[in-house]
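Peer 1: attaching a predicted model along with its sequence, questions to come.
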Amino acid sequence: MKIISALLSYLIGSIPTGYIIFYLSEKKDIRRFGSQATGTTNVLRLKGWKYGLVVFAGDFLKGFLPVYAVLKIFNDLSLAVICSFLVVVGHCFPIYIKFKGGKGVATTIGVFSLLAFKPLLISLFLFLIVTLISRYVSLGSLLAVLNLPLSAFLFRADYKIIVLGIAVFIVVGFRHKGNIWRLAQGKERKIGERIK
């Protein structure tokens, strides 16, 4: 049953919310436009805040619901951590659309809202400050996710949650590798800049 829960977590995480919403609206593959990711930021830039909010909610719930169910049914933190990681991996590398999905931030928020709420609040605050000052969503996202294991450590969270934070940062960082390169080159798109 626990193995099934882990597998279901990946499959739920793989549901490509942004891809579905964009396809229903435009009859096109969102991975051919903008940043070519299926997550909230790309949908927001391409379709506006209403669509972006729907995608964020869907991706958040993909992280929240499987972990909530595992904690309720099994009361097993180790299994919850494994399922948390798999749901983020599913979002980033979804089996349904050839393993090319989003960048994992909204789903990570859903996971950590259950497992480490105080560190998540600090990360969200950091995201807002960095994004408002720099106008780079990617930079705010990366620093916010990096902060999760650091803040979890400071709050003396269970080591499993700290390890989860590190593992999730590696996955999210990998999905942001193009953004990191553009940030280093000064070519990253800022908030408000038009998509070319």
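Peer 2: That came through fine.
Peer 1: tell me the buried residues in the longest helix anywhere in the chain?
Peer 2: As assigned by DSSP state H, the longest helix anywhere in the chain is helix 49-74. Using 16 or more other C-beta atoms under 10 Å as the test for burial, helix 49-74 gives 51-52, 54-56, 58-64, 66-71. C-beta coordinates here come from the backbone N, C-alpha and C atoms, glycine included.
Peer 1: what helices or strands is that helix leaning on?
Peer 2: Judged by 3 or more C-beta pairs under 8 Å, 6 or more residues apart in numbering; DSSP states H and E, the packing partners of helix 49-74 are helix 2-13, helix 17-26, helix 40-47, helix 77-92, helix 105-115.
Peer 1: what comes into contact with the second one?
Peer 2: Spelled out, that is helix 17-26. Residues from elsewhere that reach helix 17-26 (C-beta atoms under 8 Å, 6 or more residues apart in numbering): 28-31, 37-40, 42-43, 46-47, 51, 54-55, 58-59, 62, 97, 101-102.
Peer 1: quick one: contacts for V168?
Peer 2: Contact analysis of V168 by C-beta under 8 Å, 6+ apart lists S84, F85, V88, G104, T108, V111, V145, L148.
Peer 1: at 10 Å instead, please
Peer 2: 84-85, 88-89, 92, 104-105, 107-108, 111-112, 145-146, 148-149 (C-beta atoms under 10 Å, 6 or more residues apart in numbering).
Peer 1: what separation is there between it and W181?
Peer 2: V168 sits 21 Å away from W181, going by C-beta to C-beta, to the nearest Å.
Peer 1: buried subset of the contacts of helix 17-26?
Peer 2: 30-31, 37-40, 42-43, 46-47, 51, 54-55, 58-59, 62, 97, 101-102.
Peer 1: now, of the helices and strands packed on helix 49-74, which is deepest in the fold?
Peer 2: Most buried of the helices and strands packed on helix 49-74 by mean neighbour count (mean count of other C-beta atoms under 10 Å) is helix 105-115; its value is a mean of 26.
Peer 1: what packs against that helix?
Peer 2: helix 2-13, helix 17-26, helix 40-47, helix 49-74, helix 77-92, helix 117-134, helix 137-154, helix 159-175 (3 or more C-beta pairs under 10 Å, 6 or more residues apart in numbering; DSSP states H and E).
Peer 1: just the buried positions in the helix or strand harbouring A184, please.
Peer 2: If you go by DSSP states H and E, A184 is part of helix 177-185. Residues of helix 177-185 classed as buried by neighbour count (16+ other C-beta under 10 Å): N179, R182, L183.
Peer 1: for it, what is the average pLDDT?
Peer 2: Per-residue pLDDT over helix 177-185 has a mean of 95.
Peer 1: what does that helix contact?
Peer 2: With C-beta under 10 Å, 6+ apart, helix 177-185 has contacts from 35-37, 41, 103, 134, 136-139, 141-142, 173-174, 176, 187-189.
Peer 1: and those residues, which are buried?
Peer 2: Buried, going by 16+ other C-beta under 10 Å: 35, 37, 41, 103, 134, 136-139, 141-142, 173, 176, 188-189, out of the contacts of helix 177-185.
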